[in-house]
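**Q** compute the structure for the input listed below.
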Amino acid sequence: MRRITRRGFAVAALGAASSLLVEGEATATGRTGPGKIHRALRGMWLATVARRDWPSAPGLAPAAAQRELIAHLDTAADRRLNTVFFQVRPTADALWPSPYEPWSDCLTGQQGRDPGWDPLGFAVREAHRRGLELHAWFNPYRVAGHTDRALLAPSHPVRRRPAWALPYGGKLYYNPGLPEVRRFVQDAIMDAVRRYAVDGVHFDDYFYPYPVAGQTFDDDAAYAAHGGGFADRAAWRRANTDLLIRELSARIARLTGTGRRVRFGVSPFAVWRNRESDPAGSATRAGVQTYDDLHADTRRWVREGWLDYLAPQAYWNLGFEAADYAEIVRWWARTVAGTGTDLFIGEALYKAGDPAQPAPWQDPAELSRHLTFAGRYPQVGGHIFFSAKEVAADRSGAMARVVADHYGTPARLPASRPPG
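**A** Numbering: from 1, shown residues only. Sure thing, here's the model as predicted:
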């Protein structure tokens, strides 16, 4: 397998192949010495699945939907953020006129119905006008939040090729074990990348579905057809996910020859493996491990150079017993050190001030403390906040505290390193 080395974001100079952590200047917080140009990614996720952040309702007139979208972008700029991760393919459908999949139902309430405008094209233009990068966020395999194929648009690929999808846990998923599905998913993504001036391609934590008690993801037929030569089904599934990442990475990287720079990153569930499962794992006791449960070997993707950045969803407070935020940051900082893959930390802004959350999340300073802690590690190049609705509402003032403590001045995006 030929290794593909990608360019990453340079936040701090890392010694070649060094795995040592150097605690120093708070590079991710905005505090820099005199005369220095501060560089850090400051991002927010803008989720469209089930209209979580946008649009507020189905069937909005184009002008109303555009006003709402602009308001989110304005909020990002006002908070001195510089990157928006815009979900453009939430459930095997599209927020642009895709030749591969139907229009998303989040726009009109009916999958396949043309909303009368192009949300992705509009978002790219308006983000760039505000000095924001716009990264297109894709979910590779989720098809629907139900299992009834008849509810999908008549033009949906799963209506034409029912064998491509599997029901599991009350939802429908593309089958990652089918090579033709993997190629199709990549083609659908690359259509948007080629047609729009997006600054990045972004995945979150969904690959093989999260485990559901008492349910079986029935990929027996695909395993029988394509699983020869693997030690077991889990190894085959991980290889399928590896191929998705490696192949898409190569396709995006080829755009560099055209003069474009499109970054590729993943924001996984933050625990690769617990130490009790693997001595190389983190000192955590998380109930989910991406390697074992989602069949996503996120550590390998970093070590192989298939990603420009990795942004683990460190959605726990400092001192949380089963998965301490501090341990997550330390482990990933060690993991990326010397690899050329940049590290951003996903932050659970949605938990701040939520009365259902533990006591640390009732303190508006909790997230600010996260940035202070992460700033000890030069491998941490920024933070991404989930999500846009909370960035705007800021129920407890936690986001305002982050801005006041760490984002006193604008930050330029991290510079790209040359390939190598």
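
**Q** my read is that Y206 contacts P140, right?
**A** Yes: using C-beta atoms under 8 Å, Y206 makes contact with P140 at a distance of 7.3 Å. Glycine gets a C-beta too; all of them are placed from N, C-alpha and C.

**Q** for the stretch 301-420 of the chain, what spans make up the helices?
**A** Shown for the stretch 301-420 of the chain, the helices assigned by DSSP state H, counting those that start in this stretch span residues 325-336, 366-374, 388-393, 398-406.

**Q** need the ones you listed in CSV with mean pLDDT, can you?
**A** Formatted as CSV, the helices of the stretch 301-420 of the chain follow (pLDDT from 0 to 100):
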stretch, mean pLDDT
helix 325-336, 98
helix 366-374, 98
helix 388-393, 98
helix 398-406, 98
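
**Q** can I get the ones you listed in TSV with distance to P119?
**A** Listed next are the helices of the stretch 301-420 of the chain as TSV, based on distance: least, C-beta to C-beta, whole Å:
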stretch	distance to P119
helix 325-336	32
helix 366-374	29
helix 388-393	14
helix 398-406	25
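
**Q** now render those as a markdown table, adding mean neighbour count.
**A** Shown next, in a markdown table, are these (neighbours: other C-beta atoms under 10 Å):
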| stretch | mean neighbour count |
| --- | --- |
| helix 325-336 | 22 |
| helix 366-374 | 22 |
| helix 388-393 | 21 |
| helix 398-406 | 20 |
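
**Q** which one of these lies closest to A222?
**A** Closest to A222 of those is helix 325-336 (C-beta to C-beta; 30.7 Å).

**Q** residues in contact with the closest one?
**A** Applying C-beta atoms under 8 Å, 6 or more residues apart in numbering, the contact partners of helix 325-336 are 19, 21, 270-272, 281-284, 299, 302-303, 310, 312, 314, 316-319, 342-343, 345, 370, 373-374, 377, 379-380.

**Q** just want the angle from that helix to helix 366-374.
**A** 40 degrees (axes from the mean of the first three to the mean of the last three C-alpha atoms, to 10 degrees).

**Q** dump helix 325-336 to CSV, keeping only the CA atoms.
**A** C-alpha atoms of helix 325-336 as CSV (Å, rounded to 0.1, in the frame of the first residue of the first chain):
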residue,chain,number,x,y,z
TYR,A,325,-10.5,16.0,28.9
ALA,A,326,-6.9,16.4,29.9
GLU,A,327,-6.1,12.8,29.1
ILE,A,328,-7.7,13.0,25.7
VAL,A,329,-5.7,16.1,24.8
ARG,A,330,-2.4,14.6,26.1
TRP,A,331,-3.0,11.3,24.2
TRP,A,332,-3.8,12.9,20.9
ALA,A,333,-0.9,15.4,21.2
ARG,A,334,1.5,12.5,21.6
THR,A,335,-0.2,10.7,18.7
VAL,A,336,0.1,13.5,16.2
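
**Q** and it, how far out from the chain middle?
**A** 17 Å (C-alpha atoms, centre = their mean, to the nearest Å).

**Q** please apply the same query to stretch 191-203.
**A** Here stretch 191-203 is found 14 Å from its chain centre; the criterion is C-alpha atoms, centre = their mean.

**Q** just to revisit the earlier point, what's the ChimeraX syntax to select whichever of the contacts of helix 325-336 are buried?
**A** Those of the contacts of helix 325-336 that count as buried under 16 or more other C-beta atoms under 10 Å are selected in ChimeraX with:
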select :270,271,272,281,282,284,299,302,310,312,314,316,317,342,343,345,370,373,374,377,379,380
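
**Q** the helix of greatest length in the chain packs against which elements?
**A** In terms of residue count, the longest helix belonging to the chain (DSSP state H) is helix 233-253. For helix 233-253, the elements it packs on are helix 179-195, helix 220-226, strand 263-266, helix 298-304, judged by 3 or more C-beta pairs under 8 Å, 6 or more residues apart in numbering; DSSP states H and E.

**Q** tilt between that helix and helix 179-195?
**A** 30 degrees.

**Q** dump helix 233-253 to CSV, restricted to CA.
**A** Output of helix 233-253 as CSV, limited to C-alpha atoms (Å, rounded to 0.1, in the frame of the first residue of the first chain):
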residue,chain,number,x,y,z
ARG,A,233,-14.9,-9.5,10.2
ALA,A,234,-13.7,-6.7,12.4
ALA,A,235,-10.4,-6.5,10.6
TRP,A,236,-12.2,-6.5,7.2
ARG,A,237,-14.5,-3.7,8.4
ARG,A,238,-11.6,-1.6,9.5
ALA,A,239,-9.9,-2.2,6.2
ASN,A,240,-13.1,-0.9,4.4
THR,A,241,-13.0,2.3,6.5
ASP,A,242,-9.3,2.7,5.8
LEU,A,243,-9.9,2.4,2.1
LEU,A,244,-12.6,5.1,2.2
ILE,A,245,-10.2,7.5,4.0
ARG,A,246,-7.1,6.6,1.9
GLU,A,247,-8.8,6.7,-1.5
LEU,A,248,-10.7,10.0,-0.8
SER,A,249,-7.5,11.5,0.6
ALA,A,250,-5.7,10.7,-2.7
ARG,A,251,-8.5,12.1,-4.8
ILE,A,252,-8.6,15.3,-2.8
ALA,A,253,-4.8,15.6,-2.9
